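[1] Test case, fold it:
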Amino acid sequence: MTQQPAIAFEAVTYGIGELSAEFSFSRQAGSVTAILGASGAGKSTLLNLAAGFLAPSSGRILLNGALMNELPPSERSVSMVFQDNNLFAHLDIRTNVGLGLNPALRLSTSEWASVEAALDRVGLAGFGRRKPGSLSGGERQRVALARAFVRRQPLLLLDEPFDGLGPGLGADMLNLMLEIRADVGATVLMVTHDPDEARTAADEILFISRGRIAADAPAEGFFERQDLPELVTYLGSTPGD
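    Numbers count the residues shown, from 1 in each chain. Below you'll find the model as predicted:
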């Protein structure tokens with residue numbers, strides 16, 4: 001029996017005219033895919049379709065063979081980490097992580113223990129009663145990773161979560177994300193503008209251009225390709241490359 005892909009987009013479209021996007025791809029469980037492309041190419045659109053924040057105009061989105069098109073984000077087996085970490089400033093860190101388990105915060109004793117364990121896992125033991133405003137940017141992203149970790153969902157979506165942290169801290173956070181992904185056994189779709197992040201983390205690449213998948217290929221050797229004019233242009237305009 002053939003294993004169902006962890007995620008599949010089957011002729012998924014969104015938008016109209018020049019602002020339209022169309023995606024078809026699938027990924028097996030446990031894989032890490034970097035999604036690259038120029039600003040406005042459609043990277044975040046793809047991620048938001050997977051998460052359920054956007055509804056496709058046509059086509060099918062499947063998670064482990066189950067149709068997701070009509071399901072709201074809260075009912076999908078997905079965790080998402082945003083660039084701005086999406087924390088509630090008026091709530092303490094412990095509560096922000098707990099929201100990942102239950103938006104109404106009706107948590108059992110064992111679930112609160114899981115929250116504390118997740119904070120410990122990301123190096124924030126003892127930080128639970130602090131507010132997000134008292135943390136550094138890297139610490140806030142650790143909280144966002146803890147919230148994703150405590151949910152233990154099979155699909156992890158990352159929308160440039162380490163952008164702006166600086167090379168050293170960004171690399172540390174990327175390694176932490178990969179460790180957490182391995183703990184959970186999650187499949188990862190990671191939007192990034194950094195080819196080095198993709199080289200370090202990804203098994204496969206989706207290169208997006210003008211709302212379409214211009215390339216879907218293994219990460220190994222991908223950035224040496226000369227047959228994709230969009231890729232050559234992108235790499236030539238990427239800071240640091």
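[2] Now do the SS call for the residue lying closest to residue 212 once chain neighbours are set aside.
    Nearest in space to residue 212, with sequence neighbours left out and distances taken as CB to CB, 6 or more residues apart in numbering, is residue 22 at 6.0 Å. C-beta coordinates here come from the backbone N, C-alpha and C atoms, glycine included. Three-state call for residue 22 (DSSP: H, G, I helix; E, B strand; the rest coil): strand.
[3] Surely residue 22 is in contact with residue 211?
    Yes. The pair residue 22 and residue 211 passes the contact test of CB atoms under 8 Å, sitting 6.6 Å apart.
[4] For this structure, name the helix or strand with the lowest mean pLDDT.
    Of all the helices and strands that make up the chain, helix 167-184 has the lowest average by mean pLDDT, DSSP states H and E, namely a mean of 77.
[5] can you list the residues that contact that one?
    Outside helix 167-184, the residues that touch it by CB atoms under 8 Å, 6 or more residues apart in numbering are 32, 81, 121-123, 137-138, 141-142, 145, 148-149, 152-154, 156, 158, 161-163, 165, 188, 194, 197, 200-201.
[6] Could you tell me which of those residues belong to strands?
    Counted as lying in strands by DSSP state E, out of the contacts of helix 167-184, are 32, 81, 156, 158, 188.
[7] Neighbours of the first one, how many?
    I take that to be residue 32. Using other CB atoms under 10 Å, residue 32 has 23 neighbouring residues.
[8] What does residue 46 show for phi and psi?
    Residue 46 adopts backbone torsions of phi -60, psi -50, taken as degrees, to the nearest 10.
[9] Excluding covalently adjacent residues, which one is nearest to it?
    Counting by CB to CB, 6+ apart, the residue nearest residue 46 is residue 23, at 5.5 Å.
[10] rewinding a little: how far out from the middle of the chain is the least confident helix or strand of the chain?
    Mean-position distance between helix 167-184 and its chain equals 12 Å (CA atoms, centre = their mean, to the nearest Å).
[11] One more: stretch 6-23?
    Here stretch 6-23 is found 18 Å from its chain centre; the criterion is CA atoms, centre = their mean.
[12] what about dumping the CA coordinates of it to CSV?
    Extracted in CSV, the C-alpha atoms of stretch 6-23 (Å, rounded to 0.1, in the frame of the first residue of the first chain):
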residue,chain,number,x,y,z
ALA,A,6,2.0,14.3,4.4
ILE,A,7,0.7,17.2,2.3
ALA,A,8,-0.4,17.5,-1.3
PHE,A,9,-1.6,20.5,-3.4
GLU,A,10,-3.6,19.3,-6.4
ALA,A,11,-4.0,22.1,-8.9
VAL,A,12,-4.7,24.6,-6.2
THR,A,13,-5.5,28.1,-7.4
TYR,A,14,-5.9,31.4,-5.6
GLY,A,15,-6.7,34.9,-6.9
ILE,A,16,-7.4,36.1,-10.4
GLY,A,17,-5.6,37.5,-13.4
GLU,A,18,-2.0,38.7,-12.8
LEU,A,19,-2.4,38.3,-9.1
SER,A,20,-3.3,34.6,-9.4
ALA,A,21,-1.3,31.7,-8.0
GLU,A,22,-1.4,28.0,-8.9
PHE,A,23,0.4,25.2,-7.0
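[13] domains of this structure?
    What automatic domain parsing lists as the domains of the chain is 28-55+66-77+157-241, 86-152.
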